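Asker: Please work out how this folds:
(chains A and B)
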Amino acid sequence: MPTRILVEFKRRGLMSEIYDVQEVELRWQKIWEESGLYQVDLDDPRPKSYVLCMYPYPSGAAHQGHIKNYTFGDLNVRYRTMKGEAVLSPFGFDSFGLPAENAAIKTKVHPREFTEARIAELKASVKRLGSVYDWRRETKSHDPDNIKWAQFLFIKLFESGLAYKAEAPVNWCPGCQTVLANEQVHSDGTCDRSGDIVERRNLSQWFFKITQYVEELLRDIDELDWPERVKIMQRNWIGKSIGAKMTLAVQGAPELGIEVFTTRPDTVFGMTYAVIAPEHPLVAILTSDEIRRQKFIDANAIEPSRFVVLEERANEVRAFVDSVKNLTDIDRVSTSEGRDKRGVFSGVNVINPFTGDPVPLYIADYVLMSYGTGAIMAVPGEDQRDYDFAKIFGLPIVRTVATPDGFDGEAYSGAGEKINSGFLNGLSIEEAKLAAIDWLAQNDLGQSSIQYRLRDWLVSRQRYWGCPIPMIYCDKCGTVPAKLEELPILAPDDVEFLPTGESPLARHYSFRFAKCPKCGANAIRETDTMDTFVDSSWYFMRFCDPFNDKVPFSLEALDQWMPVDQYIGGIEHAILHLLYARFFTKALADLGLAPKDLREPFSRLFTQGMIRMDGSKMSKSKGNLISPEKYFDSVGADALRLFHLFVGPPADDFDWTSQADELIEGMAKFLSRVYRLATQESEKPTLVNEKESATLSLATHKAIEKATIDYDRWSYNTVVSTIMTLTNQIYKSKSANASDESVQSAIDAVILLLAPMTPHIAAEMWSLRHDGEIVHVQPWPEPDRTLLALAKETLILQVGGKFKDKLIVDPDIEEQEALRLALAHPKIAASLLNGAPSRVVYKLPKLINLIP
RNA sequence: GCCCGGGUGGUGGAAUGGUAGACACGGAGGACUCAAAAUCCUUUGCUCGUGAGGGCGUGCGGGUUCGAAUCCCGCUCCGGGUACCA
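Answerer: Below is the predicted model of the structure:
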């Protein structure tokens, strides 16, 4: 019942003692906005910094996750401003996307109307939180101005070859009725948005050539001040594998040789079979009657007995390939149910290049066409997948690495000496890899090779509510970009929203039929729109120069503000958004649209913890939201902000339980306690207790020192407790007759330290105490180093490493003196039975340890 | 399976080699009050003891160290990421 305090105060007429939360908060929000305090421009003389929270999808009023995010963001903006920096703090909305269009299909409300209503709600709650932004710079993905620059960038990427169209097997979500990027498909084969099982379809689609930057994207991760686990996730996603490619000749038809990729070229002597993916082009050749009859019969390379069944085999192969085709990815790839590996003998053998021996070629769906060459050499001795398959199909298993004594596993992938491997015997694995690659190269059978898991970024979406891809297909001129002066290409409003597999734009003929920008002939406009991750890949640069109407952003503005000094958001964007934004930054820098030396968009990243409830993430879709509104209306934004800061380390997840309300009420009580201190008349004690004054001054400076260190290391929960401790000390010192000067400066310190966290009440208190001054333009408090250096220290007395007692000593105490004090201590004497320590460990002035 | 995190009072957490449990929430007791609320004060890891005081204690088992919640090795449980990537 967080409203209790206020209601009670109001009822009792005690409002003179406590402040009117609503009135104070709204009044200060207005002052901040109208004063332009947090607006910054290019000519600002202060050192620049750029603090940014991730571009939000406007789903309506803010939820607790947003509140936490924007509290961290706002705190950073205000703290850096007090430290004297010119802080760029913009806000905008990632306003394209499926929910608006799905709503349109259901309710017939136009997505723009739907989206703008949600934007207004989110904006209102962000303002109510007291978060400050340079609202002049606000951008929305669906603004025509923004669409124009997105299309401009697309055309630039197209002209430089970084955007291209290709037919590809793509992920098709039947629920969303669109294709998805690999990144938007979960490992269980379901859609990131709708949770439907994703299907495979062959479609002609636009791609961005992110793989052109794969090495740079991988290498530059090292320099980023990002959470280690995000960096690891990105490295894993890029998935660099170093190995070798080599060609396996098909027995009897060497010109059909199949190329395989392996990271273990040292194990070729253990290859007892080979596998190609069901989609591998060789499958069609092997199952073609012509090839079977002529090629293999004439070549007479396969023993007759095997040949007799070849017709049958071709049928078997066809049946297998068909059965795989009809499986969804989830069934095909799933290993969770311990499903056995499937496959079929192809009817032909391939030659082991190292031994010259023929081994059977299988077709199996555990080999993926989309990775490497879609074909592998199988080494069951050292690869568990191959081992499992070999067991099922009764294939031989040869070990090429000596296993350790007592090894009872199946495939062995550890270190050891090479065995059964001809000229590689006796070498280590690493030596053997190099020797095997050398041998392959010398014999012209292969070479070293690097493969990546990362594929090009599929950006076409068959949807209406996205940025139209500005391309035109002309019979004569081919694929032509729209003229720059004709941008933006805007989607028409008069479309029908139906859940078909096509964008509503494709059925809008006046949009679809266009003139070729080159020759003027009748042509067809591209009706797909861009993935919304495109919008979030450059918005942070537009924020630097939002009014520019010549280019999306000037080099000068990017030079000034980029990169983002502090980026704040959820861990869920560890791969998708952050990888795409890094790619865009590099590509635009290389195209001359951004400064050449701008290689990374976000120098520092902070990923906040999730708010969970009943074990799952608090979210609209789970229906377990606790609205911030009721706290705004009762205890106020400051108390809610303070709760999010105090409840634990910012990076940790938080379980929202019934305790949360009590904690939030506790924060409101604490703020009232500070307010009471700050607004009481100064009382000058008749008899000043000098010792207590000194204690309070020292506590004040210690608190400033500790809070500042903790602000800088994002340990906000301990900042809050430091401020609470100082507040408690002020109450205590006051009643012990500390001087009014020491009390008042301690109160001022509390207010300054609180200012970034609870801006409204801090502003109100400072203004009341200092004649209308603005707390947020005050310089950040500096601790008095001289005072701190002179402060007494606590010397811990230990015997044998066990704590016995503590003494207050001078900070420059010497060993001799410390030992004298220790030995004179009755507890030490009692513990040291024979009186003389055999050894003494000094860590002065903190500790002395006497070892008996 | 692999890769990351993490396990500390009734609860959230603090302490990054040196007083374990800061700061809060909750509980208990008290002051003020006709009464309550609010506020303030005391107390609150477990345990033995009337007491002074003692013993135990950071998931479990070892180790390093004068000294370990903290570092190392092995295990266990929980959470997250990823998954036939050759």
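Asker: could I get stretch A:121-138 in PDB with only the CA atoms?
Answerer: This file holds the C-alpha atoms of stretch A:121-138, laid out as PDB (Å, rounded to 0.1, in the frame of the first residue of the first chain):
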ATOM      1  CA  GLU A 121       1.700   6.600 -24.400                       C
ATOM      2  CA  LEU A 122       5.300   5.500 -24.100                       C
ATOM      3  CA  LYS A 123       6.500   9.100 -24.400                       C
ATOM      4  CA  ALA A 124       4.100  10.200 -21.600                       C
ATOM      5  CA  SER A 125       5.500   7.600 -19.300                       C
ATOM      6  CA  VAL A 126       9.100   8.400 -20.100                       C
ATOM      7  CA  LYS A 127       8.400  12.000 -19.300                       C
ATOM      8  CA  ARG A 128       6.600  11.100 -16.100                       C
ATOM      9  CA  LEU A 129       9.600   9.200 -15.000                       C
ATOM     10  CA  GLY A 130      11.500  12.400 -15.200                       C
ATOM     11  CA  SER A 131      13.900  11.200 -17.800                       C
ATOM     12  CA  VAL A 132      15.500  14.100 -19.700                       C
ATOM     13  CA  TYR A 133      16.100  14.100 -23.400                       C
ATOM     14  CA  ASP A 134      16.900  16.500 -26.200                       C
ATOM     15  CA  TRP A 135      13.400  16.100 -27.700                       C
ATOM     16  CA  ARG A 136      14.300  18.300 -30.600                       C
ATOM     17  CA  ARG A 137      16.200  15.300 -32.000                       C
ATOM     18  CA  GLU A 138      13.300  12.800 -31.600                       C
END
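Asker: Work out the gap between it and the centre of the chain.
Answerer: 23 Å (CA atoms, centre = their mean, to the nearest Å).
Asker: For it, list every residue counted as buried.
Answerer: A:122-123, A:125-135, A:137-138 (16 or more other CB atoms under 10 Å). The way it works is simple: take the backbone N, C-alpha and C, and place the C-beta from them, glycine included.
Asker: now, which of those lie within strands?
Answerer: Members of those lying in strands (criterion: DSSP state E): none.
Asker: what's the closest of the residues you listed to A:H63?
Answerer: For these, the closest approach to A:H63 (CB to CB) belongs to A:S125, at 8.9 Å.
Asker: Centroid-nearest residue for chain A?
Answerer: A:A574 (2.1 Å; CA atoms, centre = their mean).
Asker: Assess the claim that that one and A:V230 are in contact.
Answerer: Yes: between A:A574 and A:V230 there is a contact at 4.5 Å, judged by CB atoms under 8 Å.
Asker: shared neighbours of these two, which are they?
Answerer: A:T607 (CB atoms under 8 Å, 6 or more residues apart in numbering).
Asker: if we can go back for a sec, the buried residues of stretch A:121-138: which ones sit near RNA strand B?
Answerer: Among the buried residues of stretch A:121-138, no residue lies close to RNA strand B (CB under 7 Å from any atom of the strand).
Asker: For the residue of the stretch 251-400 of chain A found nearest RNA strand B, which non-adjacent residue is spatially closest?
Answerer: Closest approach between the stretch 251-400 of chain A and RNA strand B, counting by CB to the nearest atom of the strand: A:G372, at 3.1 Å. Nearest residue to A:G372 in three dimensions, chain neighbours excluded: A:F261, at 3.6 Å (CB to CB, 6 or more residues apart in numbering).
Asker: That neighbour - that's part of a strand, no?
Answerer: Yes: according to DSSP: H, G, I helix; E, B strand; the rest coil, A:F261 belongs to a strand.
Asker: my read: it touches A:S448, true?
Answerer: No: counting by CB under 8 Å, A:S448 is not a contact partner of A:F261; they are 10.7 Å apart.
Asker: List the contacts of A:H573.
Answerer: Counting by CB under 8 Å, 6+ apart, A:H573 touches A:M54.
Asker: measure it to A:I232 for me?
Answerer: Note on A:H573: its distance to A:I232, by CB to CB, to the nearest Å, is 15 Å.
Asker: Could you find the closest non-adjacent residue to A:K706?
Answerer: A:T722 (5.0 Å).
Asker: nope, A:A678 is what I meant
Answerer: A:M765 (4.1 Å).
Asker: Give me the residues contacting the helix or strand where the one you found lies.
Answerer: Assessed by DSSP states H and E, A:M765 sits inside helix A:759-769. Helix A:759-769 is contacted by residues A:19, A:24-25, A:28-29, A:31-32, A:74, A:78, A:130, A:132, A:636-638, A:671, A:674-675, A:678-679, A:747-748, A:751-752, A:754-755, A:773-776, A:778 when judged by CB under 8 Å, 6+ apart.
Asker: can you state the direction angle for the host helix or strand of A:L645 and helix A:759-769?
Answerer: Using DSSP H and E, A:L645 falls within helix A:637-646. Angle of helix A:637-646 versus helix A:759-769, following axes from the mean of the first three to the mean of the last three CA atoms, to 10 degrees, is 120 degrees.
Asker: sorry, back to before: restricted to helices, list the contacts of helix A:759-769.
Answerer: The helices, defined by DSSP state H, take in A:24-25, A:28-29, A:31-32, A:74, A:78, A:637-638, A:671, A:674-675, A:678-679, A:747-748, A:751-752, A:754 from those.
Asker: these two touch, right, A:P628 and A:L122?
Answerer: No: A:P628 lies out of contact with A:L122 (CB under 8 Å); the separation is 11.5 Å.
Asker: anything in contact with each of those two?
Answerer: With CB under 8 Å, 6+ apart, A:P628 and A:L122 have common neighbours A:A61, A:A62.
Asker: and the lengthiest helix in chain A, which residues are buried?
Answerer: Counting residues, the longest helix found in chain A (DSSP H) is helix A:690-712. Judged by neighbour count (16+ other CB under 10 Å), helix A:690-712 contains these buried residues: A:692-708, A:710-711.
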